[in-house]
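K.L.:
build me a model from this:
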Amino acid sequence: MERPSLEINLPDTHQEGKLYVVDSLNNLNKLNVCPVGSQHALDEEENTDGTGENTAGSNIRNQCLFFVTFILTLIISLVLVSFVIFLIIQTRNRLDQISSRLISEKKSIEELKKMQNMILKHLNQSRNKE
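P.N.:
This is a model prediction of the structure:
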């Protein structure tokens, strides 16, 4: 009895398998070497076809520019908020001073009214005696 052969001779399939393995290894190497964000930059770099444009460098420059702009915006915002808080505190102090003056003036006015009433009573009494 003859035993059936388990080997299949397909030379074309073998070549395609090698190409598939090589492509898979290349993809795996890209995933292991490059972080997720820079994979896109590498794909764009491959698509430039030698024009010399460095997209990874420009992405880093853009990120640095964004970071510097963000930090400056935060600093300016902090300064503005501090200035507003300072103005609020100064206004409150001024209002406290004005209210204390008004209270003291009110007391003075009440005392003057009492004195006026006393003077008027005294004058009325002196007229009545005459």
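K.L.:
ok, which stretches of the chain are helices?
P.N.:
Along the chain, counting by DSSP state H, helices occupy 11-33, 36-47, 55-129.
K.L.:
where does pLDDT dip in this protein?
P.N.:
By pLDDT under 70, the weakly predicted segments of the chain are 1-22, 28-29, 31-54, 130.
K.L.:
mind redoing it with 50?
P.N.:
Scanning the chain for pLDDT under 50 picks out the ranges 1-2, 5-8, 10, 49-52.
K.L.:
hmm, back to that, so can I have a markdown table of the helices of the chain showing mean neighbour count?
P.N.:
Glycine gets a C-beta too; all of them are placed from N, C-alpha and C. Listed next are these as a markdown table, based on neighbours: other C-beta atoms under 10 Å:
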| stretch | mean neighbour count |
| --- | --- |
| helix 11-33 | 10 |
| helix 36-47 | 12 |
| helix 55-129 | 10 |
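K.L.:
so how far is Leu80 from Leu87?
P.N.:
Leu87 sits at a distance of 11 Å from Leu80 (criterion: C-beta to C-beta, to the nearest Å).
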